[in-house]
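> Turn this into a model:
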Amino acid sequence: MDEQTNQIHQLVAILEDELAELEKMTAAARRQNDALRRNDGEKLLEATGELELLARALKALQAARSEVQARVERDCGLPPGTPLAEVAAALPLVPVARQAAHLAAGLREKARELAELIRLNNLLAQNGLRFCSLLLRAVDPSRTRTYLPDGAVSKDGANPPLLDKSV
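Residues are numbered from 1 along each chain as shown. Okay, the predicted model is just below:
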């Protein structure tokens, strides 16, 4: 097997691993969505932690793919930074070239699905925070410390005194 074919095999192996990680991330994002809908804090924390771990693993795979993809681009005479779909289309006719193109399309579709789930989860989380803010204001309007969309804590007024001096 020549060097170029070996690099194509490496690229395909990394693409398969990336697709598997994206599928795991999508499953974790679905669990996160379910936890948000059910207001289950424990499962939400589990799913969020899992998503963070998987995202780190995916980032490492993407870095490895970038290195291999850059070598394949050079071998195919493509400019640096060529999108993966174009690299897959420019591969020489070896048995795994078709598989690379199929994996590139699968990655693109799975990434879109994951992005949509994350967008929905963010909306659900924002709605939950908004509801909690309203509930806190209803329960104790004098102490309205709430979370802002960026996670910061807002203070809407001074804290009440600890001693009631009116008695």
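
> which residues touch the most centrally placed residue in the chain?
By Cα atoms, centre = their mean, the mean C-alpha position of the chain lies nearest to A55, the distance being 6.1 Å. Listed by Cβ atoms under 8 Å, 6 or more residues apart in numbering, the contact set of A55 reads M25. Just so you know, the C-beta spots here come from the backbone N, C-alpha and C atoms, and that holds for glycine as well.

> Look up which helix or strand it falls in, please.
Using DSSP states H and E, A55 sits within helix 41-76.

> And the next helix or strand after that helix, what's buried?
Using DSSP H and E, the helix or strand that directly follows helix 41-76 along the chain is helix 84-90. The neighbour-count check on helix 84-90 (16 or more other Cβ atoms under 10 Å) flags L84, V87, A88, A90 as buried.

> what's the spacing between the last one and R71?
Taking Cβ to Cβ, to the nearest Å as the criterion, A90 is separated from R71 by 13 Å.

> Residue ranges in this protein under the pLDDT threshold?
Low-confidence segments of the chain, defined by pLDDT under 70: 1, 141-149, 154-167.

> 90 instead?
Scanning the chain for pLDDT under 90 picks out 1-8, 39, 41, 75-77, 81, 85-101, 126-167.

> so the lengthiest helix in it versus helix 41-76, what angle?
Longest helix of the chain, by residue count under DSSP state H: helix 97-139. With axes from the mean of the first three to the mean of the last three Cα atoms, to 10 degrees applied, the angle from helix 97-139 to helix 41-76 works out at 150 degrees.

> isn't E50 right up against T26?
No - counting by Cβ atoms under 8 Å, T26 is not a contact partner of E50; they are 11.6 Å apart.

> on that earlier part again, going by distance to D140, which of the buried residues of helix 84-90 wins?
D140 has its nearest neighbour among the buried residues of helix 84-90 in L84, at 53.5 Å by Cβ to Cβ.

> how about the closest residue to the closest one other than its chain neighbours, what does it touch?
Leaving aside its sequence neighbours, L84 sits nearest to A104 (Cβ to Cβ, 6 or more residues apart in numbering; 4.7 Å). If you count contacts by Cβ under 8 Å, 6+ apart, A104 has them with L15, L84, A85, V87, A88.

> Alright, I will stop here.
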